[in-house]
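1. Structure for this input, please:
(one chain, ligands or ions: 1)
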Amino acid sequence: MLPSHMSYRDEFLEAIVENPYYCIVTVDREGYITYLSKSYGQFLGVKPKDVVGKHVTEVIENTRMHIVVKTGKEEIADLQYIRGNYMIANRIPVFSDGKIAGAVGFVLYRDTKEWMEMNSHIKSLLAELNQYRKRQKKKYGIRYVLSDIIGHSREIENLKRKVKKIAPSDVSVLIRGESGTGKELFAQSIHHLSDRSQNPFVSINCAAIPEHLIESELFGYAEGAFTGAKKGGKPGKFQLADGGTLFLDEIGDMPLSAQSKLLRVLQYGEVQPVGSTKTQTIDVRIVAATNQPLETLIENKQFREDLFYRINVVQLSIPPLREREDDVRILAKYFLHHISERAGKRVFELDERVLALFLDYSWPGNVRELENVIESAIHLTSSEKITLEDLPDHFKPDMTQPKHVLSLKEEVEFAEKRAIKRALNQTNGDKIQAAAILGIGKSSLYEKMKKYKI
Ligand SMILES: Nc1ncnc2c1ncn2[C@@H]1O[C@H](COP(=O)(O)OP(=O)(O)OP(=O)(O)O)[C@@H](O)[C@H]1O
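-> Prediction:
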């Protein structure tokens with residue numbers, strides 16, 4: 001029964017908002033939940049009053065509400081995977097005085113039976129699409145496309161936009177980033193989005209091949225080129241990639257002699273196999289990657305400057321994971337979901353302390369390391385939640401300390417940042433409570449959060 005003082009308009013709103021077939025959530029401009037309808041709570045298995053004040057990413061799987069409040073763009077009829085089902089989500093930003101004030105999200109399942117039928121239809125279509133993608137990927141030597149690159153940090157979104165712009169042209173791309181940041185994922189995505197996608201993607205790790213073999217690996221060899229050479233010779237990576245893309249991984253480790261030959265191939269588009277007098281015309285797009293400071297190598301005469309300019313037409317710089325906190329959360333959830341599904345285990349959650357540890361950790365192995373840590377924890381855990389005990393032995397709290405001794409000011413800032421994050425985690429993001437725990441004023445907490453970009 002509605003209270004008698006409710007207006008006609010309120011009754012309408014109440015009827016919409018509490019309709020059992022609609023799941024509704026609203027968030028503030030930072031993505032914290034301000035309202036969750038009863039039906040959505042039931043569907044998620046949470047009590048609305050318990051989740052109000054939490055960040056939406058903590059409560060709803062695969063949500064994009066926090067992104068809509070950043071972009072200010074509505075997202076209509078988006079497919080969202082929640083609790084084992086594909087749902088249809090509409091996300092609408094709300095403005096007040098021309099500024100973003102928050103967003104409202106509706107997730108639809110009009111009639112459970114009808115929805116289940118549609119859901120299974122969509123599931124089978126998606127399974128078919130996956131099969132098709134797998135076949136395509138196998139045929140052309142790629143495993144990843146742009147949508148496989150997970151992350152909503154501004155840096156990753158910008159990189160993805162840049163990839164879409166430059167992929168169709170034939171420009172050489174140099175991808176820089178620490179080990180495990182996803183350089184190969186970007187290289188494969190560039191190939192997939194280019195006109196060359198129906199031709200091979202071939203990769204070579206320049207650091208893994210002994211110096212005396214690198215030329216024959218790259219350019220092939222003719223019959224009788226050296227003792228033990230195969231009858232009829234052997235094509236090199238350039239010949240195999242003809243018409244497609246050649247990914248030169250760890251290019252900073254290429255020996256100088258091979259660098260000169262590579263430069264000639266790039267200048268003239270011709271390859272000469274080892275031991276052959278004939279040249280072959282080759283059409284290959286080059287995507288190179290390195291985690292080495294090429295500029296220093298150039299200064300030390302270990303890398304040719306002219307080759308650097310050839311390969312560095314467009315540069316993509318992938319920041320290390322420790323500089324992308326948003327991505328740590330999102331990637332952790334993504335790996336948790338996918339790896340537990342693959343392993344046939346029901347592991348749904350990360351303990352808050354694990355997440356806090358992840359946010360503090362320096363991730364020297366970047367995304368690859370995060371993936372491995374979660375995989376190992378999923379196999380070790382015997383509950384639905386990953387706790388500190390499930391983390392690998394080498395991954396313990398003292399590892400969260402910076403590797404090198406910092407200046408006193410940096411040490412203090414590091415400790416301050418960690419304490420604030422812990423307090424916020426403990427209070428589920430409630431800043432007033434967090435400030436009380438930390439023994440500082442609210443405005444001082446806000447100031448520090450701004451300073452440390454928390
Ligand atoms: N943004 C991402 N989304 C999903 N998975 C990722 C992402 N970045 C990296 N990975 C995972 O990390 C692994 C390592 O990525 P990749 O091989 O592309 O890194 P890399 O930078 O080329 O590393 P290296 O320099 O050591 O070769 C991938 O197999 C993939 O599983």
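2. Where does this protein get nearest to the ligand, which residue?
-> Shortest the chain-to-the ligand distance, computed as C-beta to the nearest ligand atom: residue-wise this is residue 182, at 2.8 Å. Glycine gets a C-beta too; all of them are placed from N, C-alpha and C.
3. For the stretch 1-150 of the chain, which segments count as helices?
-> Assignment of helices within the stretch 1-150 of the chain using DSSP state H, counting those that start in this stretch yields the ranges 8-17, 38-44, 48-51, 56-59, 65-71, 112-139.
4. Of those, give the one that comes closest to residue 269.
-> Nearest to residue 269 among the helices of the stretch 1-150 of the chain is helix 112-139; the distance by C-beta to C-beta comes to 25.5 Å.
5. what about that closest one, near the ligand?
-> No. Using C-beta under 6 Å from any ligand atom, no contact is recorded between helix 112-139 and the ligand, whose separation bottoms out at 13.3 Å.
6. re earlier: redo the helices of the stretch 1-150 of the chain as CSV? Include mean neighbour count and mean pLDDT.
-> Supplementary listing: these in CSV, determined by neighbours: other C-beta atoms under 10 Å; pLDDT from 0 to 100:
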stretch, mean neighbour count, mean pLDDT
helix 8-17, 11, 72
helix 38-44, 18, 88
helix 48-51, 15, 94
helix 56-59, 21, 93
helix 65-71, 20, 93
helix 112-139, 12, 72
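7. and residue 163, which of those helices is closest to it?
-> Between residue 163 and the helices of the stretch 1-150 of the chain, the shortest gap by C-beta to C-beta is with helix 112-139, which sits at 17.1 Å.
8. helices or strands up against that closest one?
-> In terms of contacts (3 or more C-beta pairs under 8 Å, 6 or more residues apart in numbering; DSSP states H and E), helix 112-139 is packed against strand 85-96.
9. May I see the buried residues of the strand it packs on?
-> 85, 86, 87, 88, 89, 91, 92, 93, 94 (16 or more other C-beta atoms under 10 Å).
10. Direction-wise, compare that strand with helix 112-139 and give the angle.
-> Relative orientation of strand 85-96 and helix 112-139, computed by axes from the mean of the first three to the mean of the last three C-alpha atoms, to 10 degrees: 100 degrees.
11. And strand 85-96, how far out from the chain middle?
-> Computed by C-alpha atoms, centre = their mean, to the nearest Å, the separation of strand 85-96 from the middle of its chain amounts to 22 Å.
12. Equivalent analysis for stretch 285-298, please.
-> The chain centre lies 22 Å from the centre of stretch 285-298; the measure is C-alpha atoms, centre = their mean.
13. That stretch spans what distance, first to last residue?
-> End-to-end distance for stretch 285-298: 23 Å, by C-alpha to C-alpha, to the nearest Å.
14. buried stuff in that stretch?
-> Applying a neighbour-count criterion of 16+ other C-beta under 10 Å, the buried positions in stretch 285-298 are 285, 286, 287, 288, 289, 290, 291, 294, 297.
15. Tell me, what's the model's pLDDT at the closest residue in space to the last one that isn't next to it in sequence?
-> Going back to what we said before, that points to residue 297. Nearest non-adjacent residue to residue 297, counting by C-beta to C-beta, 6 or more residues apart in numbering: residue 303, 3.7 Å away. Reported pLDDT at residue 303 in the predicted model: 95.
16. how many neighbours does residue 101 have?
-> Burial of residue 101 is recorded as 13 neighbouring residues (other C-beta atoms under 10 Å).
17. you'd agree it is up against residue 95?
-> Yes. Taking C-beta atoms under 8 Å as the definition, residue 101 is a contact partner of residue 95 at 6.2 Å.
18. Off-centre distance for stretch 282-296?
-> Centroid displacement of stretch 282-296 relative to its chain, using C-alpha atoms, centre = their mean, is 22 Å.
19. what residues does that stretch touch?
-> 170, 172-179, 183-184, 187, 190-191, 194, 196, 238-239, 241-253, 265-266, 269-271, 303, 308, 311-312 (C-beta atoms under 8 Å, 6 or more residues apart in numbering).
20. what number of residues lie near residue 421?
-> Here the number of neighbours of residue 421 (other C-beta under 10 Å) works out to 19.
21. Please report the distance of residue 140 from residue 245.
-> 10 Å (C-beta to C-beta, to the nearest Å).
22. Kindly report the same for residue 80.
-> For residue 80, the distance to residue 245 equals 33 Å [C-beta to C-beta].
23. what about those two, which has more around it?
-> Neighbours per residue (other C-beta under 10 Å) separate residue 80 from residue 245, with residue 245 holding more: 28 against 18.
24. Quick check on the more buried one: phi, psi?
-> With angles defined as degrees, to the nearest 10, residue 245 shows backbone torsions of phi -120, psi 140.
25. Checking the closest residue in space to it that isn't next to it in sequence next. Helix, strand or coil?
-> The spatially closest residue to residue 245, leaving aside those adjacent along the chain, is residue 191, at 4.1 Å (C-beta to C-beta, 6+ apart). For residue 191, the assignment made with DSSP: H, G, I helix; E, B strand; the rest coil gives helix.
26. how about the strands in the stretch 151-300 of the chain?
-> With strands called from DSSP state E, counting those that start in this stretch, the stretch 151-300 of the chain shows them at 173-176, 201-205, 245-249, 270-271, 280-281, 285-290.
27. just checking, what packs against the fifth one?
-> If I follow you right, that is strand 280-281. Based on contacts counted as 3+ C-beta pairs under 8 Å, 6+ apart, the elements that strand 280-281 packs against are strand 270-271.
28. For the strand it packs on, the averaged confidence score.
-> Mean predicted lDDT for strand 270-271 stands at 92.
29. Direction included, what does that strand pair against?
-> Here strand 270-271 is paired, per DSSP bridges, with strand 280-281 (antiparallel).
30. ok, and what's touching the partner strand?
-> Outside of strand 280-281, the residues within contact range by C-beta under 8 Å, 6+ apart are 239, 269, 270, 271, 272, 273.
31. one more time with 6 Å, if that's ok
-> Among residues not part of strand 280-281, those counted as contacts by C-beta atoms under 6 Å, 6 or more residues apart in numbering are 270, 271.
32. Kindly report the same for stretch 363-377.
-> With C-beta under 6 Å, 6+ apart as the criterion, stretch 363-377 contacts 178, 180-182, 320-322, 331, 335-336, 339, 386, 390-392, 395.
33. Alright, I will stop here.
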